[in-house]
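> All I have is the shape, not the residue letters:
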């Protein structure tokens with residue numbers, strides 16, 4: 001019995017050692033910002049614009065209804081962002097939910113890599129995938145769309 005336990009422990013350690021970081025070409029390079037789950041999406045967007053001078057640099061909709069605004073001080077992709085996500089079921093008071101957002105060169109490729117490493121991901125918006133760390137903390141990997149050609 002002791003031999004089996006030792007063999008299982010060794011196999012588990014060996015499995016951990018086989019995990020590989022993502023290849024450099026698709027590895028995260030920068031923490032891009034933060035996301036807040038908000039009860040009143042339009043009011044929060046207005047507050048961040050009016051009080052802090054942030055600009056809406058992105059918007060995501062489902063079935064014709066806006067569910068998230070991307071706010072920033074600069075142009076999209078040029079600096080940190082604040083994602084405001086509609087969460088009407090959120091309880092009043094300080095937010096206890098959010099996510100770490102990482103800008104990556106190719107979110108789809110990194111998502112596929114993470115899935116191969118045993119980390120389930122899900123596409124939540126174009127170029128954006130959600131997953132969680134081992135304690136359940138939410139993380140988003142995001143690749144901004146290419147700038148519009150003038």
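Arrived safely. Keep in mind that this is a model prediction, so the values were computed, not measured. Numbers count the residues shown, from 1 in each chain.

> Helix or strand with the lowest mean pLDDT in this structure?
Using mean pLDDT, DSSP states H and E, the weakest-scoring helix or strand in the chain turns out to be helix 2-18, at a mean of 51.

> Starting from that helix, tell me the next helix or strand along the chain.
As assigned by DSSP states H and E, the chain's next helix or strand after helix 2-18 is strand 30-38.

> ok, residues contacting stretch 134-141?
28, 35, 83, 97-102, 104, 107, 110-111, 121, 124, 128-133 (Cβ atoms under 8 Å, 6 or more residues apart in numbering). Every residue, glycine included, has its C-beta placed from N, CA and C.

> Now with 10 Å, please.
For stretch 134-141, the external contacting residues (Cβ atoms under 10 Å, 6 or more residues apart in numbering) are 22, 26, 28, 32-33, 35, 37, 83, 97-104, 106-111, 114, 119, 121, 124-125, 127-133.
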